[in-house]
Each structure stands twice: as C-alpha cells, then as structure tokens.
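[1] take this sequence and fold it.
(one chain, ligands or ions: 1)
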Amino acid sequence: MIGIKELIDPIKTYNPKADFDAIIRAYEYGLKAHEGQFRASGEPYFVHPIEVARIVVELKLDESTIKTALLHDTVEDTNRSLRHIEISFGSEVAQLVDGVTKLTNLQLSSLETKHAENFRKLFVAMSKDLRVLLVKLSDRLHNMRTIRALPVDKQVRKSRETMEIFAPLAGRMGMQSMREELEDLSFRVLNPEARNSIIRRFLTLRKETDDLIPKIMNDINQQLGKEKLNARVTGREKKPYSIWRKMQDKKEGFTRLSDIFGFRIVTENETDAYIAMGAVHRRWRAVPGRFKDYISHPKSNGYRSIHTTVSGRDGKRVEVQIRTNQMHEVAESGVAAHWSYRDGERVENPFVVDPFKWLRSLNDGFIHSENPSDFFEHVKLEMFQDQVFCFTPKGEVIKLPRGGTPIDFAYAIHTRIGDSCVGSIVDGQRVPLWSKLKNGQSVSIIRSDAQKPQSSWESMVVTGRAKSAIRRKLREEHRVESIKIGKEIARVSLHKIGKKATEKALNTAARKLAMSSSDDVLAALGSVELTGDELIKTLYPKKVTGLSLPFLGARHMTFIGLEPGQEAKKASCCMPIPGERIVGIAVRKEGITIHAIDCDHLEDLDDNYEHWIDLRWPEGEAQTSHPTCLTISMYNGVGVLGRICSLIGERGANITNIDFFDRKPDFYKIIIEIHVKDLKHLSDIMTSIEADSDISVVVRTREGSGRAELGENNLSPI
Ligand code: MN
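    Alright, predicted model coming up:
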C-alpha cells in the first residue's frame, strides 16, 4: 500500500502551501475506518481510496478534493457518519463526500442505452459541485483499472456503465485522457477480440514500417529546429477504442496511418504554435479538408489546438496537433483545470473554461443563475432545475418535469399503468399520489384493475401525456354514464306521448339527427346536448303537445313594480324562480337585474340602497320555465342517476345540464340544471328525489352560471 509520503510529495510540487496535516489526518482517518476491509483482489480496501486520491492529485486538484477522495467510501462502506466527517473535516469536505456517496448509491443496474443521456444528466444534477463528479470519475477510473478482480458478469456491467455514462461525461468535461482511458478499459472487457485485432495490427505496422513514430518525431523536430523553436514533440499510437470507433463510423478498415498515429507539438506560446504550423506545412503538403484551427475557434469545453494532416514521410499521412502548454493542460484535464494549482497558487490559465460557461454550453437554457461568481468556488450544477429523474424498480430512468407526481411517473411508463394506479411507494415508503418526486428517487406504482382515472388527478399531473390520457379515459367513462342516463331520459320522454324507446326508434332518430349510432343519441341525451323534447320532435313532429314548458326569458315577463317600458332580467348569480321573494337592482347601463332576496350578492350592493326596486312576480300561472340548479350527492350505483333523471322528467321538468364532481368509488356529486315552473314545482321535485334511498343530499345551488368557474376552482368537473 502506498504510504502517505508518496501521496503528499507530488502535492508539494504544485501546491506547497496545502495543509498537509489535514491531508494526513484524512489519510489516517480513512485507513482506520476501512481497517479489516478487503477488495475483491484481496488487497486492503484502503488501497482504493489512496489510488483515487492519487488520480485527483495528478489532476492537480485542491486539498478538499484530495481529502474527499481519501474519505469517499467511508460513509457508504464503514460505520463513520457524515456528521462525524463534518466534525472532523468541516462542512465543505462533508458535502463533497455526501455528493459522492449519493452518486455511488444510484442504482445503475440494468442500464439501457436509451436512458444513458438521462443518467448522465442525473449525475450532473445530483452532483451540486463539479468536484463531486471529478472524484466520482477518479473512483471509476481506479475501479476500471482493477476490474479484473471481479466476476465476469460484474466486469461487463461496470464496463457498460463506464462506456455509456462515465466516459462520455469525462469527454463533456473536456477531460480527454480520462475519457480515453475509461473507454479503453471498458473496451478491453466488452470487446476483447476487436481490441486484440487492433493491437495485433499495431504490432504488424510497427514491424512493417520499422517503428515509424520516432522517425516522424525526428523529422518534425528537425524542421522546428530550423525555425529555432523551443517545442515539445510527442507521438503516439491512438487508443484502440478510438480507432475502433472511427472504423465503425466510417465503416472501413484501418489502413491510413493518420487514423492510427497522432503527433503533437506543444509550444511555449501562441505565436510559436503558428510558426510551428507554418514549418510543418512548408515541409510537408497539407491534406485538403483536414485543417482545423481551434485556437481561433475554440470548442465550447475550452479546447484549443491546431489540427492538420500532412503527407509525411513516403507520402504517408500523419495527423499533427499543435498547441501551447496552457492549451494542452486544458485539452487533457478540461474543466478540472479550473481547480489546478501550481506553486501553491491556483493556476491562472487563460484558456481554462469557466465552469459556469461550461455548464451553459453543456446544456444551454437549463441554468438560471444571474451571478457567475457564485460558481467560482462551488460550482452549483442546477442546470436541470426544471427536470427530475426517477427510477423504476427495474432501474430505468424516467425523466419528468419538476413537480411531476407518481401519477405522471405511472403514465410515463405506460398508459395502462397510469390508468390503474392506486398508490405509490417512493424509496420504500408509501406516499400519496400527489407527492412531488425528487431527483434519484426510486418509484414503484401500486395498481388495481378496479381503478379508473379520477377527475381529481388532472390537477395532480404536470405532463401532457398524463393529462391527455386522463381526459380521454374520463370522457370514455362519461360516455358510458351518459348512455345510461340517456336511456332513462329517452324512456321517460317517449312514455309521456305513449311511445317506447325501442332500438328501432333510436336508430331512426340517429339517422335523422345525422348521428352515427343509437348510442350517440343516448349519449347526447345523457349529456343533455339533446333534450327529451327534441328527441320527440325528431321522431314524432306532430306529437309535440306543449307538455313541457316553453322557455321564455324573464325579459318577457311583466314584473309587478316595473315602470312602463322598463325591462328586467334575472340575475345569473341566484337564478330566482317564481314563488321566491325578489328584488330589482337598477344598475346604470346594465338595466334592472332581479335577484332573490337572500342572494349573497345583495350584501355587496347595500351601499346603493336607493337602487333597490321592490318587485313581484306576475300573477297567474305563467307558462314559462325557469332554470335552477340542484346539487345532489348520490350513491354510485347502477341505475341511480337514471332513476333521478326519470323522476325529474316524470314531474314535467327539463334537464338542461349535468356536471359530475367528486366521483368516488362509493358516492358522487352532481350539479344538475333543470327548468321548473316555480318554487312549488321545485320543492315537489326535490322532495321526490330526497325520498330515494340512494340519495344522501339534495340542495338547491344558487351558483347557476357561475358553475363552470366553481367547477374549475373548487371541484373538478368531468
Ligand atoms: Mn470508491
């Protein structure tokens, strides 16, 4: 096991002012905490945190990140608590350790490629601080380096995760060497044959070309020497995986040297970089279309470099990248370079991409921060603020808008699951369906075949998918209900004229009304788009006998108390009917409105007492009908609503609207608009409804035309 000295010495080279005592304390704390634990390889467990810390040190990161690396598995794997870490090492380290622990706890099993992007976002969203990701990537890198100690199935699983999540994440963060190594380590597990064949090809090429790399490096060095440039020239074979991927993309074998070898010239400054480029181009012919200047057009992750391909020795193509030292540092360690130290100071590398800007480039539009300086020390990754990512029991990731509930989650999996959901278990606990889900929660849905979407669900969901599925289902439900009611209305209406609502009669009506089926006619009757009288008129035009009440606007009524020529209309707030005490309110421009004397709105009008006009209903039996509303709570049983509709019809009132509310398995509530002659007629109807044993409450509801508004705000109409 590496001793503390070997860990600390490299830190001294870049950050001599670091608090070494604290790092030593973290080392000793971790060593003690993991005492007696062993890795799959048989080594003491603490070898792993030390190696992770060494990777972090190679990235020249700050001391908090180094301490975090040493402690990153203590909360998860030992009996040390986060609180204890905080007391011993402060809140910054504790928060970083907590972040790493949370990422470690994510269930990545059964990862599917199509969800990989969501996983990556979840990772970033959960990290809160980029350094958490840096430690997590270093942790994964060491685990991949030592993956051979694991059973084969675990190797494959970890390698897939690495290939699909960690390596692309490192790439996005601009950490090229991290990315390449992660890819290659995974490639070795996932496709050893392909990797071996590429390596064999390397060996053959090396033999055939008599080890070309040093020769080409020598050529370049000579050429640069002529310009008296002080630059570092390196050459290397590309990683097998990057060659493999290129072959896959281009669907061709690898023959071109430019696809296999890469050369790099690292200069002191930018001027030298361009001089070097000129030198290379003067000596060898540039291949058209292969020249890119990322110094004048940097990539969004801060990458700067000149790329060119030239026909080198014996006409063989070679790729050359040219950049300065500082640019090189960014190219290798990407965003991590932001935290790099040199000589005890944070490195002032002008090419390091500001992590804030990097985040923006990573996912434009998801960051809402006005103050970039907040990001300097603790980069807050809140770019996915408007999204949450949750898991199914199988480990699939479901992406929801923020505010999403278990119902949204259920519908996101499948409409059938949404339709039948009765409850949910989030992180092992039963929670209400309206709970808002949080990032990383694992959600399972409890289903029942007896369940149907509830109208109240509509206000609990935020996804369009769930909303439209619920509405569609409710409409279907409503139609079944409407057909049932329609049957009763048809029966009662036709019975009044001595006819029967036969299937034949209903089909005739359907044809005449241009509807496609008898069910459509019944549904129209049940939802009061069609009235019983209209049905009679359609089928037996001559039979309309005035049995039902013609609707006459109150405008045509002569109220006692009005001046000649004055007109009055009934208020929609209280919908007064004959037999009630009424009062007229004169409002300028609007004319006179007639309210019931106990209308709540009259209180607001108290100050304008002088506008009150004493009115009475006209004498005699007026053959007019007056709309009024009843709220009825009834047992949710077969035929109950139909029976109520028949009752109303038999008593000579017309139903003009029905709205459903609070539909529960046992009871539900309707607001029904009926047209009656007067108060006596109404109370007669109410008494006969109340007599039904399946009815719990019947009350007159004043909010006639305000019903729609009432429904939207308080109740949920279907
Ligand atoms: Mn670990």
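
[2] tell me where the stretch 151-300 of the chain has helices.
    Counting by DSSP state H, counting those that start in this stretch, the stretch 151-300 of the chain has helices at residues 152-161, 167-172, 176-190, 192-208, 212-226, 240-250, 270-283.

[3] quick one: contacts of the longest one?
    So the one you mean is helix 192-208. 184, 187-188, 212, 237, 240-241, 243-244, 254, 257, 260 (Cβ atoms under 8 Å, 6 or more residues apart in numbering). Bear in mind the C-beta positions are built from the backbone N, C-alpha and C, glycine included.

[4] could you redo the last one with a cut-off of 7 Å?
    For helix 192-208, the external contacting residues (Cβ atoms under 7 Å, 6 or more residues apart in numbering) are 187-188, 237, 240, 243-244, 254, 260.

[5] again, but for the third one
    Taking Cβ under 7 Å, 6+ apart as the criterion, the residues outside helix 176-190 that touch it are 137, 140-141, 144-145, 147, 155-156, 159-160, 162-163, 166-167, 170-171, 195, 239-242, 244, 331-332.

[6] cool, stretch 263-275 as well?
    216-217, 220, 227, 229-235, 276, 295, 306, 318-325, 328.

[7] quick check: buried residues in that stretch?
    By neighbour count on 16 or more other Cβ atoms under 10 Å, the buried set for stretch 263-275 is 263-267, 270, 272-275.

[8] go on, stretch 497-505?
    Under 16+ other Cβ under 10 Å, the buried positions of stretch 497-505 are 499, 501, 505.

[9] got JSON lines for these, with secondary structure and pLDDT too?
    Formatted as JSON lines, the buried residues of stretch 497-505 follow (DSSP: H, G, I helix; E, B strand; the rest coil; pLDDT from 0 to 100):
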{"residue": "Lys499", "secondary structure": "coil", "pLDDT": "84"}
{"residue": "Ala501", "secondary structure": "coil", "pLDDT": "85"}
{"residue": "Ala505", "secondary structure": "helix", "pLDDT": "89"}
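
[10] residues contacting the nearest residue to Ser516 once chain neighbours are set aside?
    Closest residue to Ser516 apart from its sequence neighbours, by Cβ to Cβ, 6 or more residues apart in numbering: Ala510 at 6.9 Å. Ala510 makes contact with 516-518, 520-521, according to Cβ under 7 Å, 6+ apart.

[11] send me the one helix or strand Ala510 maps to as CSV with only the CA atoms.
    Element membership for Ala510, per DSSP states H and E: helix 503-512. The C-alpha trace of helix 503-512 is given here as CSV (Å, rounded to 0.1, in the frame of the first residue of the first chain):
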residue,chain,number,x,y,z
GLU,A,503,-83.8,0.4,-30.6
LYS,A,504,-85.5,0.9,-33.9
ALA,A,505,-86.9,4.4,-32.8
LEU,A,506,-83.4,5.4,-31.6
ASN,A,507,-81.8,4.3,-34.8
THR,A,508,-84.3,6.4,-36.7
ALA,A,509,-83.5,9.3,-34.5
ALA,A,510,-79.8,8.8,-35.1
ARG,A,511,-80.3,8.9,-38.9
LYS,A,512,-82.5,12.0,-38.7
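
[12] pull the residues that contact stretch 414-429.
    Counting by Cβ under 7 Å, 6+ apart, residues outside stretch 414-429 touching it are 406-407, 410-411, 430-431, 433, 435, 437, 441-449, 451-453, 466, 469, 473.

[13] still on that earlier bit, and which of the buried residues of stretch 497-505 is nearest Cys573?
    Distance to Cys573, by Cβ to Cβ, is smallest for Ala501 among these, at 37.2 Å.

[14] how about this protein: which residue is closest to the ion?
    Asp139 (4.1 Å; Cβ to the ion).

[15] report pLDDT for that residue.
    The model reports Asp139 with a pLDDT of 95.

[16] surely it forms part of a helix?
    Yes - counting by DSSP: H, G, I helix; E, B strand; the rest coil, Asp139 is part of a helix.

[17] number of residues surrounding it?
    23 (other Cβ atoms under 10 Å).

[18] likewise for the one 4 residues further on?
    Other residues within reach of Asn143 by the criterion other Cβ under 10 Å amount to 19.

[19] regarding it, what is its secondary structure?
    Of the three states, Asn143 takes helix under three-state DSSP.

[20] show me what contacts it?
    Asn143 makes contact with Lys158, according to Cβ under 7 Å, 6+ apart.

[21] ditto for Val280
    Going by Cβ under 7 Å, 6+ apart, Val280 touches 220, 223, 308, 310, 320.

[22] one more: Lys680?
    Gly579 are the contacts of Lys680 under Cβ under 7 Å, 6+ apart.

[23] quickly note the distance from the residue nearest to His601 when sequence neighbours are not counted to Ile592.
    Using Cβ to Cβ, 6+ apart and skipping the chain neighbours, the partner closest in space to His601 is Cys573 (4.9 Å). To Ile592, Cys573 is 15 Å away according to Cβ to Cβ, to the nearest Å.

[24] ditto for Ala514
    Ala514 is 42 Å from Ile592, where distance means Cβ to Cβ.

[25] ok, Ile165 next?
    Applying Cβ to Cβ, the value for Ile165 to Ile592 is 73 Å.

[26] neighbour count winner among the two?
    Using other Cβ under 10 Å as the criterion, Ile165 and Ile592 rank with Ile165 on top: 23 against 19.

[27] residues from this structure in reach of the ion?
    73, 139 (Cβ under 5 Å from the ion).

[28] domain parsing of the chain, as residue ranges.
    Domain assignment for the chain by automatic domain parsing gives 4-190, 194-346, 360-471, 472-547, 623-714.

[29] for those, which one sits closest to Thr558?
    domain 623-714 (11.5 Å).

[30] what about that closest one, distance to the chain center?
    Distance of domain 623-714 from the chain centroid (Cα atoms, centre = their mean, to the nearest Å) equals 42 Å.

[31] so what touches stretch 529-540?
    Under Cβ under 7 Å, 6+ apart, the answer for stretch 529-540 is 489-490, 492-494, 497, 499, 505, 508-509, 512-513, 521, 524-525, 543-544, 548, 649, 654.

[32] any idea of the mean pLDDT for it?
    Average pLDDT, stretch 529-540: 83.

[33] can you select the buried ones from the contacts of stretch 414-429 in ChimeraX?
    The following ChimeraX line selects those of the contacts of stretch 414-429 that are buried, judged by 16+ other Cβ under 10 Å:
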select :406,407,410,411,431,433,435,437,441,443,444,445,447,452,453,466,469,473
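
[34] in strands only, show me the contacts of stretch 414-429.
    Judged by DSSP state E, the subset of those located in strands is 430-431, 443-447.

[35] and Leu103, what helix or strand is that in?
    Following DSSP H and E, the helix or strand that holds Leu103 is helix 82-105.

[36] tell me the average confidence for that helix?
    On average, helix 82-105 scores 89.

[37] try stretch 655-663
    Over the span of stretch 655-663, the pLDDT mean works out to 73.

[38] now it: buried residues?
    Buried, per 16+ other Cβ under 10 Å, within stretch 655-663: 655, 657-661, 663.
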